[in-house]
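Q: Pasting a predicted model and its sequence here:
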Amino acid sequence: MDTSVTLDRRTAGAANAAPVRVRIDDDKAMLKAAADLTRDLNAPSPRIYWTDMLLSAAIGYVALLGAILAPSLGWAIAAGVVAVLALYRAESFIHELTHIKHSAVPGFRLGWNLLVGIPLLTPSFMYEGVHNLHHARTRYGTAEDPEYLPLALMRPWTLPVFLLVSALAPVALMFRYAVLTPLSLVIPALRRVVVARYSGLQINPSFQRRAPEGEARRLWHRLEAAASVWSIALIALTATGVVPLKAFVTFLLVASAVAVINQVRTLVAHLWENEGEAMTVTAQYLDSVNVPPPAMLPMLWAPVGLRYHALHHLLPGLPYHALGTAHKRITAVLEADSPYHKGNYKGLPFLAVRLAKSTFQPR
């Protein structure tokens, strides 16, 4: 095998004070097999993208309306659950938008933003230009990664706080677009803060985003303006009684539940054990998680290919609908001792318990 594990010189000298960390070299056999076996799977299918996204959004909004109009609490909860799961799936396509070539699925970014991104106050500019940094070879797991924190090495209280913050996300986003956006247009100093701190779906609090340029800047401004108009209108219509308070609160509760589920998925998307060093591709893979079949629930909590998150880090350009096929091919070819198999887990409970236990370990 091509995988070798060597002592990291930066930590070897501290062996008497703490366990020696290791450096995982790239497994060339795994990387080659992953690339060779999936060359025919790289083209996204517009039919699959559009059908999946439109059905998910339609089911989600119909269920949301059902939750608002339900005659009893029981029916409202049932409809709300359907709305959460369907809208979560629809919103998860923001991840695909950061990876596919937009010319390969014409109009999809615009359609998704109009139907999902703007209504749920997560327009695509908040992920495009941010998520790609998470996949940068020298950034993953470092302080410059907007989507990484060494959660497994942090205090136990960080996990509930991590989830609580997500529950408040819809209110924070509405404030960002209804209040901060218009104010930042006349206060340059505030604008710099809004761009750097409040314009990305990130979990690393130290990450500061750079202002966009060119076409990205123009798209950002158009989407931000639309989200601002939508949030201001929603608040104004609720305040004047045009939109019933029950409908407004139900919308916020559904959006909050969507954010919490996504945050739970984020907790188990990686092992979160890196302390800031740059990592090889194989090390990044082993710090990430696949939850393949026969597990069934990942279809709900890790939709749109997110159940193959480790594989996605090997092949970030592969469309979500091809990941299952790619996983089967790679699994069938690689030997049992390949690192590829070490990135596969049975389900969310095991991963969540593993992460929680790690936070109680003495440091």
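A: Looks like it arrived, so ask away.

Q: residue contacts, the closest residue in space to residue 333 that isn't next to it in sequence?
A: The shortest distance from residue 333 to any non-neighbouring residue, by Cβ to Cβ, 6 or more residues apart in numbering, is to residue 33 (5.5 Å). Every C-beta, even on glycine, is put in place using the N, C-alpha and C of the backbone. Neighbour list for residue 33: 330, 333, 334, 340 [criterion: Cβ atoms under 8 Å, 6 or more residues apart in numbering].

Q: wait, what's in contact with residue 153?
A: 272, 273, 275, 358, 359, 363.

Q: Kindly apply the preceding question to residue 269 instead.
A: Contacts for residue 269 were tallied using Cβ under 8 Å, 6+ apart; they are 288, 289, 302, 306, 309.

Q: Among those residues, which one sits closest to residue 148?
A: Using Cβ to Cβ, residue 288 comes nearest to residue 148 of these, at 10.7 Å.

Q: which residues are contacting stretch 137-147?
A: Applying Cβ under 8 Å, 6+ apart, the external contacts of stretch 137-147 come out as 130-131, 133-134, 136, 148, 200, 202-204, 206-207, 209, 274, 276-279, 281, 284, 287, 313.

Q: correction: stretch 58-66
A: Contacts for stretch 58-66 (Cβ under 8 Å, 6+ apart): 75, 79-80, 82-83, 85-87, 89-90, 250-251, 254.

Q: how many other residues sit next to residue 83?
A: Residue crowding around residue 83 was assessed by other Cβ atoms under 10 Å; the count is 27.

Q: helices or strands up against whichever strand or helix holds it?
A: Secondary structure assignment for residue 83, by DSSP states H and E: helix 73-91. Contact partners of helix 73-91 among helices and strands, from 3 or more Cβ pairs under 8 Å, 6 or more residues apart in numbering; DSSP states H and E: helix 46-69, helix 245-267.

Q: Make a markdown table from those helices and add distance to residue 102 to it.
A: Shown next, in a markdown table, are the helices and strands packed on helix 73-91 (distance: least, Cβ to Cβ, whole Å):
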| stretch | distance to residue 102 |
| --- | --- |
| helix 46-69 | 11 |
| helix 245-267 | 23 |
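
Q: quick one on the thing from earlier: of the contacts of residue 269, buried ones?
A: Among the contacts of residue 269, the ones that count as buried by 16 or more other Cβ atoms under 10 Å are 288, 289, 302, 306, 309.

Q: In this structure the fourth one contacts residue 93, no?
A: I take that to be residue 306. No: in terms of Cβ atoms under 8 Å, residue 306 does not count as a neighbour of residue 93; the distance is 10.8 Å.

Q: any low-confidence regions in the stretch 1-150 of the chain?
A: Applying pLDDT under 70 to the stretch 1-150 of the chain flags residues 1-22.

Q: hmm, 50 instead?
A: Along the stretch 1-150 of the chain, segments meeting pLDDT under 50 span 1-20.

Q: cool, the stretch 201-350 of the chain as well?
A: Within the stretch 201-350 of the chain, not a single segment meets pLDDT under 50.

Q: before we move on, back to that, taking the buried ones among the contacts of residue 269 together, which two end up most distant?
A: 288 and 302 (12.1 Å).

Q: Next, the buried residues of the longest helix seen in the chain.
A: The longest helix of the chain (DSSP state H) is helix 214-239. Under the neighbour-count criterion of 16+ other Cβ under 10 Å, helix 214-239 has 219-220, 223-228, 230-232, 234-235, 238 buried.
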